[in-house]
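In: Sequence plus the predicted model coming up.
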There are 2 protein chains.
Amino acid sequence: MADNVFNIPKLKNFSEWYLELVRRTKLIDQRSPVKGFDVFMPYSYRIWEQIQGYMNPRMYETGHRNCYFPLVIPENLLHEEAEHFDGFVPECAWVSHGGDSKLDTKLAIRPTSETIMYYMFALWIRSYNDLPVKINQWCNIVRWETKQTRPFLRSREFLWQEGHTAHATKEDAVKEIEFALELYTNTIEKLLAIPTFPVRRPSWDRFAGASDTISMETLMPDGKVLQAGTAHDLGQNFSKPFNIQFLDENNKKQHAWQTSWGVSTRLIGALVMEHGDDKGLILPPKIAPIRIVIIPILFKGKEKPVLKKCEELKKKLGTDVEIDASDKRPGEKHYYWEMMGVPLRMEVGPRDIENKVVVIARRDTGGKETVKQADIEKRVQKLLDDIQDNLFKRAKETLDKGMHEAKTKEDVKQIIENRGGIVKVPFCEVDDSASECAELLKDYTGGGEIRGTLYPEPEKAGGKCVVCGKNAKYYVYVAKAY
Amino acid sequence: MADNVFNIPKLKNFSEWYLELVRRTKLIDQRSPVKGFDVFMPYSYRIWEQIQGYMNPRMYETGHRNCYFPLVIPENLLHEEAEHFDGFVPECAWVSHGGDSKLDTKLAIRPTSETIMYYMFALWIRSYNDLPVKINQWCNIVRWETKQTRPFLRSREFLWQEGHTAHATKEDAVKEIEFALELYTNTIEKLLAIPTFPVRRPSWDRFAGASDTISMETLMPDGKVLQAGTAHDLGQNFSKPFNIQFLDENNKKQHAWQTSWGVSTRLIGALVMEHGDDKGLILPPKIAPIRIVIIPILFKGKEKPVLKKCEELKKKLGTDVEIDASDKRPGEKHYYWEMMGVPLRMEVGPRDIENKVVVIARRDTGGKETVKQADIEKRVQKLLDDIQDNLFKRAKETLDKGMHEAKTKEDVKQIIENRGGIVKVPFCEVDDSASECAELLKDYTGGGEIRGTLYPEPEKAGGKCVVCGKNAKYYVYVAKAY
């Protein structure tokens, strides 16, 4: 099929389709000399910058301040919070030498920055007047994955944002979690056009050291869920070992209440998987590095007025417009920009100039229309808005269709194996540090994980646990996950 | 002296003044658990973001694209260019373990990214159609300094921007160097209000692996120069070992011509040193995170209309305006915001509201004036422009006063020891890989270094070399340096 530049149908061979797509569109280059350390190419880095551009003012306006902490963390500091240490040490990269000298204490390259930041928080916070502390850092993170790596989704180095806060009361910390989740909902739904589904992780699957972890789950078209962002209520779990204390208004010493929250370059992987099709990427207009591509239809001797008109249109339509005046044939250009996911494609030929029109094609539906040049700005804005809405609507349908319920483990298995998606089931217990039922269910269903209970309020379940048959406490959501 | 919050006069004890200032204003926190890895606090990080905000569109418009390369570089890759390896290996931090496993090959944390980037360039570049490649990366860098560290100026980790390009011809590479230098001149002079003085480094002091290094020198008020940015003509020195070859228009294989260029968070140190005074920072309006602080003069029972007026003024004057409505006494606020270098301070009290005026004080001159509220937007813009211009003018006077000439090494020594500054002298040779005369002069003058010849054209010298007395080739510029 000429329309399919990859010859890999998305829904038949999802994994291969994804790898080929991120390679062909030059979102990423995996051929770096160090395994798992990929090159983020300009097209994907630009998407990352747009995510930053969306989130930064929203954080700033609400009193969060960007800053930058050291890349390396001494081993003993990582040790301060025991669960955190156990959780992260197996995947740390360790610096042993500075120049020729062996270091006295090994330094971990940050797998996350709680420990190094909270060491400093303890120096900064003395009284309730110093609270809240609300900071954010955009940086690189290294986790020495031993599983198979996948571009954007699992790599040894990635980029992220980590928000870290300290508050005088538990209530303030909970409000901060709500802020973070709202920020993430807006970023993921309004900017990336991906619907989210927030769950509270079961105790055995929290962030190492957290009292509570809320995940923004998203459902990918292959039926697996992807954790698109998380916010952690750290309680006083770190403030106690790190000695982050303040004098309250009654002159009494208290430990601070803390949160941390992050999204990473994983989001770019989600964006590719969610919207792309057999022809390539489909980028929502709000995040697309190039929103409109103008293709001049050039005939010998008639190039000049056509190119002039293209420049005129570009100027009118603002930035993020690219004119492809290369030597390639129009058909080639057409396929290329389709693959790159540019939301709108315009064609301008000599006859269009005569008729004072432009032909516009939209990437999401393939629909084409002829628009009067006089109306172009208004029409283009309308089309871009429509595409953004349409992509979200499509993705929401995928999510809605992917939501199932089951009362037996056999049904769960059948759904997970056949269609994938998220299965709501009654379950015995989510507050233990480990769960035999969860392990049994994962084995039985070939990978279905308990992703958590509904957030903010878990749904009480009346029936029996799908695994052990004991009285169920809550409904939980089961899915295979990235 | 009450006016001097530090009790450290800038020009009498420059080094102590600097350290105390960056600590007190919370630009940086040096108390991190790893020596030489400082915390970039929100106030300085915001300055860094503004530098990024200034440079990014200028790079983008000229076809440069941001991207992100791996943090770690295998030892053997660093080895490819021999001089580069010798130059950087002594100060690399080395990763030896990933999780529990010892790595087969040691990985250096990037001290600069030529080698890892050019390994990828070789995969990307096949024909002249693939050229030029013009990319840029904002990232963290680690160099294991053994000398005494200083915040912003010399630390083991810092943030920077590194531009890397590949071209089909030497001429194109030279033009790219000119682009980089113009970008840096604008950034440093127009944004940071620091005059620059471009020199071509002598051969023995080039970037390791470069054919030519141009430095944007700046003169600090203590008489030492600071390299504020550099651009390197790499010739084909890297393209040969890294095998970056392309088929030219005649179907002949050629090695690419390359450049690299960078500015770092050092610029923040220069900004502090150049403009600050005994009362604290003085930030040029274009870079100041807070341009205007409004201090309400509050009397019991009359707070409301005053605070309302402050909010009204803030809204009128746009972002980057802060209202200090804290409990502190007006005098305390006054000293605090002076220390923080905010360009304009406004005071609004009940009487000002009655008279429909505002009192404005400028940080650079201390001048105060009463402005009608109706005229405020225009007057504020004028004052901000004046401050920006005035700070540059002052700094330019410092630079001009610091330029000297000498014909003997005794005179050089006397100038360097007494006043500092930049001394122009006739010198025998700048094209050797080492220079005994340069070493002798440095010893004799207590640290005066040959910074280079004038860029773009070196000035031919008629007299005798100030050190060996042989015929001089060029005038060179000698100074102590950060």
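Out: Structure received. Numbers count the residues shown, from 1 in each chain, chains lettered A, B, ... in the order given.
In: A:Gly276: neighbour count?
Out: By other C-beta atoms under 10 Å in any protein chain shown, the residues close to A:Gly276 number 21. Every residue, glycine included, has its C-beta placed from N, CA and C.
In: From B:Trp94, how far off is it?
Out: 40 Å (C-beta to C-beta, to the nearest Å).
In: and whichever residue of the stretch 101-250 of chain A sits closest to chain B, backbone torsions?
Out: Using C-beta to the nearest C-beta, A:Trp144 is the residue of the stretch 101-250 of chain A that sits closest to chain B, at 3.9 Å. Note on A:Trp144: backbone dihedrals following degrees, to the nearest 10 are phi -80, psi 80.
In: need the contact list for it.
Out: A:36, A:90-93, A:156, B:98-99 (C-beta atoms under 8 Å, 6 or more residues apart in numbering or on different chains).
In: out of those, who's nearest B:Tyr474?
Out: Ranked by distance to B:Tyr474 (C-beta to C-beta), the contacts of A:Trp144 are led by A:Ala93 at 47.5 Å.
In: what's across from A:His164 in the sheet?
Out: Note on A:His164: beta-bridge partners by DSSP bridges are A:Ile135, A:Ser260.
In: can you pull the contacts of it?
Out: Applying C-beta under 8 Å, 6+ apart, the residues contacting A:His164 are A:113-114, A:117-118, A:121, A:133, A:135-137, A:258-260.
In: what stretches of chain A score poorly on pLDDT?
Out: A:1-6 (pLDDT under 70).
In: per the record, what domains does it have?
Out: A:14-69+A:110-275, A:292-383, A:404-479 (automatic domain parsing).
In: I'd like the next helix or strand past the helix ranked longest in chain A.
Out: Across chain A, the longest stretch assigned as helix under DSSP state H is helix A:376-401. Where DSSP states H and E defines the elements, the next helix or strand beyond helix A:376-401 is strand A:403-405.
In: So for that following strand, what gets flagged as buried?
Out: A:His404 (16 or more other C-beta atoms under 10 Å in any protein chain shown).
In: other SSEs contacting that strand?
Out: Other elements packing on strand A:403-405 under the criterion 3 or more C-beta pairs under 8 Å, 6 or more residues apart in numbering or on different chains; DSSP states H and E are strand A:422-427.
In: any residues touching the helix or strand just after the strand it packs on, and which ones?
Out: Proceeding N to C from strand A:422-427, the next assigned helix or strand is helix A:436-445, under DSSP H and E. Here helix A:436-445 makes contact (C-beta under 8 Å, 6+ apart) with A:202, A:204, A:409, A:412-413, A:416-417, A:427-429, A:448-450, A:465-468, A:478.
In: In strands, which of the residues you listed appear?
Out: Per DSSP state E, strands hold the following members of the contacts of helix A:436-445: A:427, A:449-450, A:478.
In: wait, which of those is closest to chain B?
Out: Nearest to chain B among these: A:Glu449, at 22.9 Å, using C-beta to the nearest C-beta.
In: Surely A:Pro343 and A:Pro285 touch.
Out: Yes. The pair A:Pro343 / A:Pro285 is scored as a contact, 4.5 Å apart, by C-beta atoms under 8 Å.
In: Give the intersection of the neighbour lists for those two.
Out: A:291, A:384, A:387.
In: now, which of the residues you listed sits nearest A:Ala228?
Out: Nearest to A:Ala228, judged by C-beta to C-beta, of the shared contacts of A:Pro343 and A:Pro285 is A:Ile387 at 21.0 Å.
In: got a list of what the closest one touches?
Out: By C-beta under 8 Å, 6+ apart, A:Ile387 lies in contact with A:284-285, A:343-344, A:362-364.
In: 6 Å - rerun?
Out: Listed by C-beta atoms under 6 Å, 6 or more residues apart in numbering or on different chains, the contact set of A:Ile387 reads A:285, A:343, A:362, A:364.
In: how many other residues sit next to the last one?
Out: A:Asp364 is flanked by 22 other residues according to other C-beta under 10 Å.
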